[in-house]
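> Give me the fold of what follows.
(chains A and B)
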Amino acid sequence: MSTAVEPSTSADVPPVPGEPAPAVQVTDLRKEFLRKERRRGVPRRRRVPAVKGLTFTIQRGECVAILGQNGSGKSTLVRLLSTLLLHDGGSAHIFGHDVFTEPRAVRKLVNRVSVEASFFKKMSAAENLKYAARFYGMTPAETTERIPEILGRVGFPSERRGEPMEALSRGMQQKVALARALLTSPVLLLLDEPTTGLDPRSKLEVQEFIREVRAAHDSTILLCTHDLAEAESLADRVGILDRGELLALEPADRLKERYGAATLEEAFFAATGRTFEEEVDPEDEEREVWA
Amino acid sequence: MMARGAAATLRHELIGLSGVVERNWYLVKRYAWWEIAFFLWTAANTLTIVFIGKGVEAVGGTVDVNRLTTILLIGAVIWSYLGIIFEILTETVAWERWEGTIEYTFMAPLSRPVHLIGMGIFAVFYGVVRAAIVFAVIASFFGLNMPEANFVTAIVLLAIASVSFIGIGMMTAVLPLISPEKGTQLGFIAQGLMLVVSGVYYPVSVLPEWMQWLATISPATYALRGIRDAILEGASIGAVWGDIWPLIVIGIVSIPLGLEIFRRGERYAKRHGKLKRSG
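Prediction:
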């Protein structure tokens, strides 16, 4: 049985006036989706909550991992913070800008890498990056210099820059997705299962690159994952999101301590009442449709 | 200080607009063989329609074949041009949704008017090039004689009409956002309605009265009538003013209306989680 625990860290204290706003400030954030269904032949709509009153803060330069199964609300949270979904209640601020009333200011600060490396598949990596960079105000002169540099940094072979994306492996595509996000120098990077489906080597390369980005750019990172080891090795604090509720958000060691667990997996089990590999319940699957 | 901020914003938006045009150019380039196939289809379709002019004489009708074939050619070419604008605006949104890139486009700091107008500008340039080639190919195939043609007036009319076409294209572009599965097909209904009422292949005067009323709010009606007058009679810009001013009025209304409809559709999609890639 899950028990919602109010995250209790110093990072959740409201900002002091005059001090710089935290990177992310989320308060009682709620999102529901309407599901069409038939009950006894009568069509009706039912509200399915995807995130239920999330409250947390991420400080500048911090890396926070959110752990959760499919349908837990991780992707919904990332989409809300990316201005891709409208909320049903609560608030979210990014570097002091309201996500829902100042989306343009937020968009200049944020970029995202999702589990699907979404690109025009016939276009090359370089072409996909070029046009995307223009949307952030980068001129041809800037992209001519920056794209080879950034692709080199993510370990993308230069001779394959002109190949269509469809000819690249999933690992390679994910590297291009990382390059696309970093090309615009975001101060907040939203990573939604960036290593899911990658082979072990690609996974390690991507993780190493995330570490490098953090060290070099002092970016703030929100990493949503269901990879426990990844969360533990990359994040300053780890949150457990279950059925749209944030059950905890603490450093991994404190989380284990709180639940008297030897591993993060045991802590997850203790917090949610189910194992990490356990099949999602039907409600999770409903949430997953949109999340 | 404020002026510098506005200049920076304008610069940012113009670079973004060039990015939209650049993206659509890459897509055309990468699907070059398909573009050639579609061009051949358009040419064959236009040829078939223009042959109707020849056919009328062959079955015993008494007509000025050169005039009729030119009327049909103008109708077919303008119709294909309109189709390209609608298709590029609507199908790019559907395509972006399919590839999943729409989320990245929508989370970029690019204003929606610039995004949509960028697609419209590309559509106009691409449509003009294709329409001009089809026109030249079919006209030379039939050896059409247009001694009076005033192409300057025709181009001015097409340019003014394009504003309205882009506005209506924005309205249909929202459909794949609202209904990812069937939205694009719904756009064909708007296109089909314009085909029937705008006098593409026949004068509007042959339509029932209620259809003639619909013709008055279709920009294609004025574009076709004015361009035919320019090419067949050599009408000057002043002579087709009666077709230009309604086009200006429809253009002034259709762009803000198209943007507002798209804005509402985008909000609906964000409210209901419709931007997520499916398939």
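
> my read is residue A:55 is in a strand, agree?
Yes. Assessed with DSSP: H, G, I helix; E, B strand; the rest coil, residue A:55 lies in a strand.

> How much space separates it from residue A:29?
7 Å (CB to CB, to the nearest Å). Backbone N, C-alpha and C define where each C-beta goes, glycine included.

> shared neighbours of those two, which are they?
residue A:90 (CB atoms under 8 Å, 6 or more residues apart in numbering or on different chains).

> what about the longest helix in chain A?
helix A:200-217 (DSSP state H).

> Without its sequence neighbours, what residue ends up closest to the residue of chain A found nearest chain B?
Per CB to the nearest CB, residue A:134 is where chain A lies closest to chain B, at 2.4 Å. In space, and not counting its chain neighbours, residue A:134 is closest to residue B:19: 2.4 Å by CB to CB, 6 or more residues apart in numbering or on different chains.

> Name the residues of the strand or helix carrying that neighbour that are buried.
Using DSSP states H and E, residue B:19 sits within helix B:2-30. For helix B:2-30, the neighbour count (16 or more other CB atoms under 10 Å in any protein chain shown) marks B:12-13, B:15-24, B:26-27, B:30 as buried.

> same deal with stretch A:203-221?
A:203, A:205-207, A:209-210, A:213-214, A:219-221.

> for stretch B:202-218, same thing?
So, applying 16+ other CB under 10 Å, buried residues of stretch B:202-218: B:204, B:207, B:214-215, B:218.

> just to revisit the earlier point, mind checking which of residue A:55 and residue A:29 has more residues around it?
residue A:29 (26 against 16; other CB atoms under 10 Å in any protein chain shown).

> who's in contact with the more buried one?
Shown in contact with residue A:29 (CB under 8 Å, 6+ apart): A:51, A:53-55, A:77, A:80, A:87, A:89-92.

> tell me the SS of residue B:239?
coil.

> Per-residue pLDDT of the closest residue to it other than its chain neighbours, please?
In space, residue B:239 comes closest to residue B:229 once its chain neighbours are excluded; the distance is 6.9 Å by CB to CB, 6+ apart. Here the pLDDT value assigned to residue B:229 is 96.

> close enough to count as contact, residue B:229 and residue B:237?
No. The pair residue B:229 / residue B:237 is not scored as a contact, 10.9 Å apart, by CB atoms under 8 Å.

> follow-up on the earlier one: show the subsequent helix or strand relative to the helix holding residue B:19.
helix B:32-58.

> Tell me the backbone dihedrals of residue B:196, please.
Here is the backbone geometry of residue B:196 (degrees, to the nearest 10): phi -70, psi -50.

> separation between the residue nearest to it when sequence neighbours are not counted and residue B:246?
Distance criterion CB to CB, 6+ apart; nearest residue to residue B:196, sequence neighbours excluded, is residue B:211 at 7.0 Å. Separation of residue B:211 from residue B:246 (CB to CB): 17 Å.

> Tell me which stretches of chain B form helices.
B:2-30, B:32-58, B:65-99, B:102-106, B:112-142, B:151-173, B:175-178, B:183-197, B:209-216, B:219-228, B:241-272.

> which of these sits most buried?
Burial of these is given as mean neighbour count (mean count of other CB atoms under 10 Å in any protein chain shown); helix B:219-228 ranks first at a mean of 26.

> Alpha carbons of it, as PDB, please.
Coordinates of each C-alpha in helix B:219-228 appear next as PDB, following Å, rounded to 0.1, in the frame of the first residue of the first chain:
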ATOM      1  CA  PRO B 219     -10.800  33.700 -52.200                       C
ATOM      2  CA  ALA B 220     -10.300  31.200 -55.100                       C
ATOM      3  CA  THR B 221     -13.400  32.700 -56.800                       C
ATOM      4  CA  TYR B 222     -11.800  36.100 -57.200                       C
ATOM      5  CA  ALA B 223      -8.300  34.700 -57.900                       C
ATOM      6  CA  LEU B 224      -9.600  32.600 -60.700                       C
ATOM      7  CA  ARG B 225     -11.800  35.200 -62.200                       C
ATOM      8  CA  GLY B 226      -9.100  37.900 -62.100                       C
ATOM      9  CA  ILE B 227      -6.300  35.700 -63.400                       C
ATOM     10  CA  ARG B 228      -8.500  34.500 -66.300                       C
END
